[in-house]
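Participant: this one's structure only:
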Ligand SMILES: Nc1ncnc2c1ncn2[C@@H]1O[C@H](COP(=O)(O)OP(=O)(O)O)[C@@H](O)[C@H]1O
Ligand SMILES: [Mg+2]
């Protein structure tokens, strides 16, 4: 369960998230909708402790993300698919994440196959199209086989097969 309670974020004069409360039940695909600038990405950044709330809190199964002992096995996240070292291949990107989190190299290969990047796994991530980058981001989110997936605009640039 993801729970936000009176979550608020201010950047100077600007209130990006204003007293937001909600809960997301397990086992349910939940969309988070709103116009550009509504505060969706800011909320997701706070969910994974990349930003600190000005007020309130947001937790996963009662814990802040930063307090999870093994976060990638708990929560898979893709906030910005372009946040990958451009000189590293898809395979080596996943290998780096796998090695630093106690997953096997085989697991990285498995998720690359799952997202349809098996044939380009040794190409540099910097040469990927937006849709291929999205696929790599989703593969990274799936790496720890987590119960919770948090994806910010996951279908950006994906072809119909990628969306499926
Ligand atoms: N680091 C930041 N500094 C200042 N303002 C920010 C920052 N991040 C987001 N904002 C502002 O907060 C608001 C919400 O942004 P964001 O969460 O990215 O919206 P969404 O994802 O719903 O399009 C916007 O007005 C944006 O300009
Ligand atoms: Mg956004």
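Facilitator: Structure received. Values in this document were obtained by computation on a predicted structure and should not be read as measured data. Numbering: from 1, shown residues only. Ligands and ions are numbered 1, 2, ... in the order given.
Participant: got the domain boundaries for this protein?
Facilitator: Annotated domains of the chain cover 1-68, 70-164 [automatic domain parsing].
Participant: hmm, the shortest one touching ligand 2?
Facilitator: Yes: figure legend: domain 1-68 in contact with ligand 2 (CB under 5 Å from the ion); contacting residues 40-41. Glycine gets a C-beta too; all of them are placed from N, C-alpha and C.
Participant: what does the last one give?
Facilitator: No: using CB under 5 Å from the ion, no contact is recorded between domain 70-164 and ligand 2, whose separation bottoms out at 5.8 Å.
Participant: and the end-to-end length of that domain?
Facilitator: 29 Å (CA to CA, to the nearest Å).
Participant: who are the neighbours in contact with residue 116?
Facilitator: Residue 116 makes contact with 135, 161-162 under the criterion CB atoms under 8 Å, 6 or more residues apart in numbering.
Participant: kindly report the same for residue 24.
Facilitator: Residue 24 neighbours (CB under 8 Å, 6+ apart): 1-3, 30.
Participant: and residue 77, what helix or strand is that in?
Facilitator: strand 75-78 (DSSP states H and E).
Participant: could you do residue 21 as well?
Facilitator: Per DSSP H and E: strand 14-24 holds residue 21.
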